[in-house]
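[1] generate coordinates for the sequence data below:
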Amino acid sequence: MKNEYDFSQSVRNPYIKKLKKQITIRLEEDVLDYFKSLSEETGIPYQTLINLYLQDCAKSKRRPSLEWA
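    Model prediction:
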């Protein structure tokens, strides 16, 4: 390894705003089972599928139907 490196020509990471933030979320077991089974069908990790679905909801400004029993 070098003692010093020259970063004067370096470029900032263009994907820095796309980084994901780790959170804790509580999901009902049937919801998690649904995404896990979909994951097995598609080969896409279930957390990625949940993220993609939430991104789609946010882009289309979809709101949940709130009906209280």
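[2] what sits up against stretch 21-40?
    Stretch 21-40 is contacted by residues 44-46, 49-50 when judged by CB atoms under 8 Å, 6 or more residues apart in numbering. Every residue, glycine included, has its C-beta placed from N, CA and C.
[3] what's the answer for stretch 49-68, then?
    Counting by CB under 8 Å, 6+ apart, 20, 35, 38-39, 42, 44 sit against stretch 49-68.
[4] filter these to the buried ones?
    Among those, those classed as buried by 16 or more other CB atoms under 10 Å are 35, 39.
[5] before we move on, what SS does residue 35 have?
    When classified by DSSP: H, G, I helix; E, B strand; the rest coil, residue 35 comes out as helix.
[6] in the chain, which residue is closest to the centre?
    Among the residues of the chain, the one closest to the centroid is residue 51, at 3.7 Å (CA atoms, centre = their mean).
[7] residue 54 and residue 30, how far apart?
    With the distance defined as CB to CB, to the nearest Å, residue 54 ends up 18 Å from residue 30.
[8] now do residue 64
    Residue 64 sits 16 Å away from residue 30, going by CB to CB.
[9] tell me the mean pLDDT over the helix or strand hosting residue 57?
    In the assignment (DSSP states H and E), residue 57 maps to helix 46-59. Taken as a whole, helix 46-59 carries a mean pLDDT of 96.
[10] that older thread, quick one: which of residue 54 and residue 30 has more around it?
    Ranked by neighbour count (other CB atoms under 10 Å), residue 54 and residue 30 place residue 54 first, with 11 against 7.
[11] ok, back up a step: are any of the contacts of stretch 21-40 buried, and which?
    Among the contacts of stretch 21-40, those classed as buried by 16+ other CB under 10 Å are 46, 49-50.
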